[in-house]
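# Turn this into a model:
(2 chains)
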Amino acid sequence: MSDEIDTEVTQLFEGARKEGLSVIETAHDLHALGEAKVRVLGRKSALSSARSGLRGAPEEKRRSLGQLANAVQTELEAAVAAKQRGFEASERAARWDREAIDVTLPGDAPSLGSLHPLTQTVWEIVDIFIGLGFKVAEGPEVELAKYNFDALNTPAHHPARSPQDTFYIKEGEEEFVLRTQTSPMQIRVMESQEPPVYVVVPGRCYRRDVQDATHLSGFTQIEGLAVDEGITMGDLKGSLQLVAREIFGRDLDVRLRPHHFDFTEPSAELDVQCFACRGSGCRICKQEGWIEVLGCGMVHPYLLEWVGYDTHRYSGFAFGMGPERIAALAHGVADIRMFYENDLRFLNQFGGIR
Amino acid sequence: MRVSFNWLRELVPVEETPSKVAELLTLSGTKVEAIHRPGESINGVIVAEVIDIGEHPNADNLSLVEVRINDADTRRVVCGARNFAVGDHVALAPVGSTLPEMAVSERRIRGAISQGMLCSGAELGVSKDHSGILVLPPDSAEGEDVVTALGLDDTILEFEITFNRPDCLGMIGIAREVAALTGTELEMPDAAPATPSDGASPVDVAILDPSGCPRYVARYIEGLRTGPSPGWMATRLAAAGFRPISNVVDTTNYILLETGHPIHAFDADKVTDHQIVVRRAEGGECITTLDGIERTLDAADLMIADPSRALAIAGVMGGADSEVTEGTADVILESAYFDPASVGASSRRHLLRTEASARFERGADFDAAPYAAARATKLIVQLAGGRPSGDMTDAYPVPLERRSISLAPRKTEALLGMRIAAARQVSYLESLGFRVTIGDETLAAEAPSFRPDIQRDVDLIEEVARLAGFDGLPSTLPRGVAGGLDSRQLAERRLRRTLAAAGMHEAWTTSWASERDLDALALPTDHPARSVVEVANPMSEDERHLRTTLLPGLLRSAAHNLAHRVEGVAMFEIARIYRPTGGLPQEPLLLSAVFCGLHRPQRWHGPGEHWSFWAAKGVLEAVLTAMGVGETEWSKVTGMPWHPTRAANITAAGVTLGTMGELHPDVCERFKVEQGAVVAELALGPLVDAQPGRVKVRDLPRFPAAYMDLSVVVEEAVPAQTVETIIRHAGAPELVEVRMFDLYRGEQVPGDHKSLAYGLELRVPDGTLTDTQANQVRDRVIRALHDQAGAELRS
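Next up, the predicted model:
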């Protein structure tokens, strides 16, 4: 085999490379590139026929010429691949353009409902007491006058018993009232069990109050009762201080102020430092710097005796608070009648499931 | 109770400021609700004497009034009122002065220049009267600042006095508290009348009911002259909210304010034989009280009478015809102690709450009766002349005793959780007027006669605690038990949350109801909801009974929202209804819901959808499933308030859950909600009792299922639920899921028929279902549908 042949074969490969690159270069889309690939790398390509010329080449040249053939093939394949990546990239880019959306269009929200603000408030308060080791009870709204007044040490001639203040019920022979407080449940709970008693009682109550921004003839209360050995007024203070701060703000001052209830002795009202003005006096606290939040006291021994508890062994504390008032304060509701109007523009502000 | 601080200072030598005293009282249980400073916003207003009243040249209803403020200075003002005469003293607000609501400037009124204005009581903020100008007492001095002339340079403390503290309904009671809190001494006003006795009392008192009236003190004063009260007294009465009337009547009110002990003055000439009889009313007896109302008395009313007729309802109000009037010369003063229960009962019976009844029904001071009479006598003699005639009568058949209570000082510490030395406890009690005897382990405290609230040792503990201050109490926590909600309470919370998660808003409506609600729902007379618990004393026609259904309240809430252009309403309420039983009513909980208007609003990529029966049913089904209620059955229900053909009773395992459906169009109209509104009302019990319990996971299937669709044609009257039940039963056990996906009526099925299409999922637990097995199930289902429902396979 002469050098001429060698040179000739080399030129054939070189020609296949040049022509192949030019064919690939001129392909203008993926389809054309497919055809071009067949033309420059297929069985009938110039490269392929040049390779067949190798068979006549002498043994000692075949190795280097074979390497040349492979190099040309690799280069052409790489050119096809590069071209293909280019086409694919622009194809994708075109797709992205076609598929573009306006991400600022409104979403399609599922409609979430809401729990009533009073439900949320009652749960919030009840849950704090559950954390302190209380259980939850409920009782009748139409109540025996005996439980609503007598058992609670209300004097026989107390004006609260008058039909001007309390709703009476026409029914059967016994005298029934619409309970004016959840306190009769103190008696019912104690009658049903022995100490220790740790219970909170949410529920509706009724008073013949003319309705206005702060009064309803039907309203909610949460009663609480703890009776155990060695319960002190310090326990009352500590428990209610904690609850008031959880609801209104952990950094607020809380004070107990002496008051009077027939069924507690000593009795107190709990004031929280005004969360709006922090005690300096504003419209919300009526310039007092303090907001009255609940009534409470040490369970009067009269009640313990009524249910047959040993007053030498047991003592207790009790309290009552109004979720309407607390919710109104906490959420800035100016008129508690809003809570019973169920205006969705109002309820929606308490939306989301808490 | 409104207390003048200047007056208070006459009774107790307190150095602290009004605000400080208010704080001390508030923190010891006598709560100050408000502090008023009436003179603060009046500046430059002075006393002037009217010297001439002339015509206004251009206005008939106005006059030109000339007033003198000192010997050299007069002013001319235009005035619209005519309730005064030349010589009267009036309040002149000259140009440049200020009143609570305005600054006074020179003005031309209908062509005449006014150099200021004459003030009404309302303009000065001392009363609500603006019918005329305020005529000042004649003892005021020309040119004097009105603030001092009217005693407005004062601070008024307004108290909330609790029912147990009648003693604090008097100045002396408040002063006693202040003395105890500040370590000062109460100075009791001088009462002893200087006149020596000139013989037996001319008043004869017969107490026929000593339990109703344990004590009756009477004092005869003769030869007095009624007339206006002096300025200082009128001012104090006005500040406390009393309208000044005359020196005698005002003195009785003044004594009530000062001592807290109500007294009454009768015109002695109107009391037959000067004889007072205290007795219960007689059958059919009547009295016209001071307020001009004729009242028929009850046999239980305690009366003050003379031998011929009733003179007063004891402790509540006097009678009109023995009233002290302008011509009265002799009076009989009454200072009594009445039984609290008796006064309270009369007050309630006659719907008559007075300053006197409020004090007697809480418990007056039984030892104070002679003092109050003597103090009043002194003032009346001083202000109206006259002289006491004879001794005071003090009818006191069975003297009342002060209560003595023993207290172990250690019990105080144990109940409060705070150390207070026994000696300190004693000194607190003594400062409040208790007489304390100290024993070994206990002390004995005799309660003062003005403290009816002190009944047992805890009452003493409260006295000690409130003087020691609640500030000193420690903050501790009780030990508690294992707290928490029970399973029903947890289920109820889960139910509320699930309903909200399903897009519903929770509502709270009131418990009140009326016949009108039930009529609006057109419930038949024998409907269970017509059996109601009635309120004996409702506040309005709409609140005559307790509700037996939650629907009216919810529908009103829905209507309220629709009226405010809310597009759609999906609301629920969980609350009690009340069912009469003869004894205490049953108070079961219901879950009710209303769906109306738009379910989904129109969106940019889709149309709006209205609430429909099925949309609402879907919500309810999802919620029932979440609550663990098993398969439910829906059967048509008729009767008001339901749409005659679009409502269903819902049962589960034979237990009735409730009803759901469209409201009757007439009911929608009456409640002003859109036609087609869907409502539901379910008993809560079965829902919270269902209790799915702890989830136990089923293994996921390891072999593939076979799926097939089935379309069948049935008569229109066959309910879809029947078809589905047949499929389920016939397809078991391989058939594990059925889902209806199409309902067709039209050309391709015979008239009066419908086509229902179901997707079926079949599987066996231990392998892949073969085609043969699947076809066997399919054939079984088709045969059963044919046999039981007359169904044909749709070709």
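# The helix or strand that B:Asn561 is a member of near chain A at all?
B:Asn561 is part of helix B:551-563, with elements assigned from DSSP states H and E. Yes: judged by C-beta under 8 Å from any C-beta of the partner chain, helix B:551-563 and chain A are in contact via B:557, B:560-561. All C-beta atoms are positioned from the backbone trio N, CA, C, and that covers glycine.
# Tell me, how many residues neighbour whichever residue of chain B sits closest to chain A?
Chain A sits closest to B:Gly480 of chain B, with a gap of 2.0 Å, by C-beta to the nearest C-beta. Other residues lying near B:Gly480 total 18 when counted by other C-beta atoms under 10 Å in any protein chain shown.
# now swap in A:Val38 and tell me
12.
# measure it to chain B for me?
As judged by C-beta to the nearest C-beta, to the nearest Å, A:Val38 and chain B stand 43 Å apart.
# Please report phi then psi for the spatially closest residue to that residue that is not a sequence neighbour.
Setting aside the residues directly before and after it, A:Val38 is nearest to A:Ser45 in space (C-beta to C-beta, 6 or more residues apart in numbering or on different chains), at 7.8 Å. Main-chain torsions, A:Ser45, degrees, to the nearest 10: phi -80, psi 160.
# and A:Ser45, what is it in contact with?
When contacts are counted by C-beta atoms under 8 Å, 6 or more residues apart in numbering or on different chains, A:Ser45 touches A:16, A:20, A:38-39.
# just A:Ala50 next, same as before
Applying C-beta under 8 Å, 6+ apart to A:Ala50 gives the contacts A:9, A:12-13, A:15-16, A:69.
# swap in B:Met571?
Applying C-beta under 8 Å, 6+ apart, we find B:Met571 in contact with A:342, A:344, B:504-507, B:554, B:557-558, B:593-594.
# if we go to 6 Å?
Residues near B:Met571 by C-beta atoms under 6 Å, 6 or more residues apart in numbering or on different chains: B:505, B:507, B:554, B:594.
# Separate out the buried members of the residues of helix B:551-563 next to chain A.
The neighbour-count test (16 or more other C-beta atoms under 10 Å in any protein chain shown) applied to the residues of helix B:551-563 next to chain A identifies B:557, B:560-561 as buried.
# Same list (the residues of helix B:551-563 next to chain A) but as a markdown table, adding pLDDT.
Below are the residues of helix B:551-563 next to chain A laid out as a markdown table (pLDDT from 0 to 100):
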| residue | pLDDT |
| --- | --- |
| B:Ser557 | 97 |
| B:His560 | 96 |
| B:Asn561 | 96 |
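# Pull the most distant pair out of the contacts of A:Ser45.
Distances among these were taken as C-beta to C-beta; the most separated pair is A:Ala16 and A:Val38, at 14.1 Å.
# re the thing from before, can you give me the pLDDT of the residue nearest to A:Val38?
Model confidence at A:Ser45, given as pLDDT, is 85.
# With B:Gly212 instead?
At B:Gly212, pLDDT is 96.
# nearest residue to B:Arg576 other than its sequence neighbours?
With sequence-adjacent residues excluded and distances taken as C-beta to C-beta, 6+ apart, B:Arg576 is closest to B:Glu587, at 4.5 Å.
# if I pick the one you found, what's in contact with it?
Neighbours of B:Glu587 in contact, by C-beta under 6 Å, 6+ apart: A:140, B:576, B:578.
# May I ask which helix or strand encompasses B:Thr184?
Applying DSSP H and E, one finds B:Thr184 in no helix or strand.
# Distance of it relative to B:Pro733?
Separation of B:Thr184 from B:Pro733 (C-beta to C-beta, to the nearest Å): 93 Å.
# try A:Glu194
A:Glu194 is 53 Å from B:Pro733, where distance means C-beta to C-beta.
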